[in-house]
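**Student:** What would the 3D arrangement of this be:
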Amino acid sequence: MKINSSFYKVLVDKSSDSIFCFDRTGKYLYVNCVFADLLKKQTEYIIGKRIWDIFPGDEGDIRFDAIKRVFETGEMKIFETKIQNEDSSIYLTTSIKPIKDAAGNIIMVLCTSKDISELKQAEEELKERKYLFHVSQRVAHLGSYVTDMKSSIWKCSEELYVILGIDETYPHTIKGWLDLVHPNWYTKLFNYRSEVERDKLRFDYEYMIKRVNDGSERWVHELGEFELDEQGNAVRMMGTIQDITERKKAEEEIIYLSYHDKLTGLYNRRFYEEEIIRLDTERNLPISIVMGDVNGLKLTNDAFGHGKGDELLKKAAAVIQSAFRSDDIIARWGGDEFVILLPKTKTEEAEEIVKRVEKMCSKEYVNDINLSISFGWDTKIRTDEDILKVLKSAEDYMYSHKIIEKESLRGKTINTIINAFHQKNPREEKHSKRVSKTCGDIGKAMGFSKLEISKLEMAGFLHDIGKIAIGEAILNKPGKFTDQEENEIRRHPDVGYRILSSSYDMLELADFVYAHHEKWDGTGYPKGLKGEAIPLVARIIALAESYDEMTDERPYRKIYSEKEALIEIRNNSGTQFDPEIVKIFIEKVL
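**Tutor:** Down below sits the predicted model:
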């Protein structure tokens, strides 16, 4: 049968591939319908056009270079291209073959393109999955492995190299694997691995490794399963290893904090209550219990802030820890209380240790305040005694000691606070002394008794003790105070009250100090008291303090002459000051 050229054209047009031909200049000599449809153009439009008419710029250059190379070498070339339509991208793999005449000259090139878009999409999806796999392993600190059970050779993901601190040159054998295990875990892991391998169980174990590159110790969690052949023999083991060091640290921290006091590092009450039950046995008799209460914690907090109060507690804990024995159970019982459990310890021995602690306390200070702890103790001698009653007895004994020691200690502490304040602020000391004298002079002019004058002078001297809690930068600031600084300064009557009210002897003075910034018309602070609702002593201090502040040089304002100060006081009579006290002050004191 004779086949004409039109038959071949039909075959080419019906091909599932794109077929087109170029001459040496890059002009389209022929295109089939598949290629024309791909470009969404008519075949008549393309034939006769040069390659740049269809693919402008760099796209045309890339295709022409490939064509030119085939014309020059006479060798077939295969390359990938992409055609971008409005709604999609089409990927093609194109083979370019030289077509020769009878003399062997290349007269054109034949191009055949296959649509590989689906293959490309699959490759991209695979690439993306691999990327997500690596990223997820890196984020989770997780690596995967597979072990050939016959050869004992294992392969792993890149992330596992990072976890183990190795590279591809490290021996990928079972021995190499076990060499990574921390010495303390080697035997346990080996035994566990042998057990799961023998019984074909799921591998699920947490252990420690020692990284090769930096020697650091890390916690890992390994999960693995065996792949069995038809006879039930393990042929491969596949699994993952995750670095769980941070999780382990967090767990250990939680466990530690559940039984330890965060501030002092000692055991907490929960741990102690469990231990006292565990150790309450006949073989631990006699069992002594010591209770300790840190004196002056609230006073320290009020005067110097809670940071110094915490320092006081930490120093107390350190002293107790250094004085008692390593086997003794020392716990922070509450805010300022400590309890110590001493197995196999007689009462006399416990008392000796307490004396040692008290001697050590005498050498410890926080902001010039001497560390002081009140102790009580008792001992369980017989098995039929209730250990909790012994604890209660030690606590009662401690409180009886504390009551005896409390007043003298608080008096000393208050003196220490005022001395510390005046040492840091000599100007405030001079101010306090002048205010005290002026208060005494007013009291004498008002007919106060000697005892009342003495109290008045003491109140005048202590009126600013609450400023111990204010930073020196604020107290000595040369310019105007900010609202925040003003609020800080306004705290000092309240702080002074809390310091002085801690001592029974100074309780009455505390009320005077608390109210010394109240004003006759009720516009003062901290409570806005008015008129005679303000204690008389506080009204006297208010005038004496204002007069001294006006006539003394201050960093934030000018100094007043005596005459100017009197005019200012007279102008504020009946508003800031008690009019009767103003009258007596002007007529009888100055």
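**Student:** Please determine how far the residue nearest the centre of the chain is located from residue 524.
**Tutor:** Centroid-nearest residue in the chain, with CA atoms, centre = their mean: residue 250, separated by 12.1 Å. Distance of residue 250 to residue 524, computed by CB to CB, to the nearest Å: 53 Å. Where C-beta positions appear, they are placed from N, C-alpha and C, glycine not excepted.
**Student:** Need the phi and psi values for residue 519.
**Tutor:** phi -120, psi 150 (degrees, to the nearest 10).
**Student:** Could you point out the helix or strand that follows the helix ranked longest in the chain?
**Tutor:** Looking across the chain with DSSP state H, the single longest helix is helix 387-424. Per DSSP states H and E, the first helix or strand lying C-terminal to helix 387-424 is helix 426-445.
**Student:** in the strand or helix carrying the residue nearest to the centre of the chain, what counts as buried?
**Tutor:** Secondary structure from DSSP H and E places residue 250 in helix 245-259. Buried residues in helix 245-259, defined by neighbour count with 16 or more other CB atoms under 10 Å: 245, 248.
**Student:** What of stretch 87-96?
**Tutor:** For stretch 87-96, by 16+ other CB under 10 Å, it's 90-92, 94, 96.
**Student:** Pull the most distant pair out of these.
**Tutor:** 90 and 96 (18.1 Å; CB to CB).
**Student:** Can you find the helix or strand in the protein with the smallest mean pLDDT?
**Tutor:** helix 5-13 (a mean of 61; mean pLDDT, DSSP states H and E).
**Student:** after that helix, next one along is what?
**Tutor:** strand 18-22.
**Student:** ok, that next one: who's next to it in the sheet?
**Tutor:** strand 28-31 (antiparallel), strand 106-115 (antiparallel) (DSSP bridges).
**Student:** Adding mean pLDDT, distance to residue 134 and mean neighbour count, write those strands out as CSV.
**Tutor:** Shown next, in CSV, are the strands paired with strand 18-22 (pLDDT from 0 to 100; distance: least, CB to CB, whole Å; neighbours: other CB atoms under 10 Å):
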stretch, mean pLDDT, distance to residue 134, mean neighbour count
strand 28-31, 92, 43, 20
strand 106-115, 91, 30, 19
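**Student:** Could you point out which of those strands sits nearest residue 128?
**Tutor:** With CB to CB, the closest approach to residue 128 among the strands paired with strand 18-22 belongs to strand 106-115: 21.2 Å.
**Student:** check contacts around residue 458.
**Tutor:** Counting by CB atoms under 8 Å, 6 or more residues apart in numbering, residue 458 makes contact with 436, 509.
**Student:** Give me the buried positions along the helix or strand encompassing it.
**Tutor:** Using DSSP H and E, residue 458 sits in helix 450-462. Neighbour-count burial for helix 450-462, with 16+ other CB under 10 Å as criterion, is recorded at 453, 455-462.
**Student:** got the CA positions of whatever helix or strand comes next after it in PDB?
**Tutor:** Proceeding N to C from helix 450-462, the next assigned helix or strand is helix 472-475, under DSSP H and E. Backbone C-alpha positions of helix 472-475 (Å, rounded to 0.1, in the frame of the first residue of the first chain) are rendered in PDB as follows:
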ATOM      1  CA  GLU A 472      18.600  57.700  98.500                       C
ATOM      2  CA  ALA A 473      18.400  59.000  94.900                       C
ATOM      3  CA  ILE A 474      14.800  60.200  95.600                       C
ATOM      4  CA  LEU A 475      15.600  61.600  99.100                       C
END
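**Student:** in the next helix or strand after helix 472-475, what's buried?
**Tutor:** Next along the chain after helix 472-475, taking DSSP H and E as the criterion, comes helix 483-489. Of all the residues in helix 483-489, those buried under the rule 16+ other CB under 10 Å are 485, 488-489.
**Student:** ok, now stretch 380-387?
**Tutor:** 380, 385.
**Student:** Show me how the record splits this protein into domains.
**Tutor:** Using automatic domain parsing, the domain parsing of the chain gives 5-115, 124-249, 261-415, 425-589.
**Student:** what's the span of the last one from first residue to last?
**Tutor:** Taking CA to CA, to the nearest Å as the measure, domain 425-589 stretches 28 Å from start to finish.
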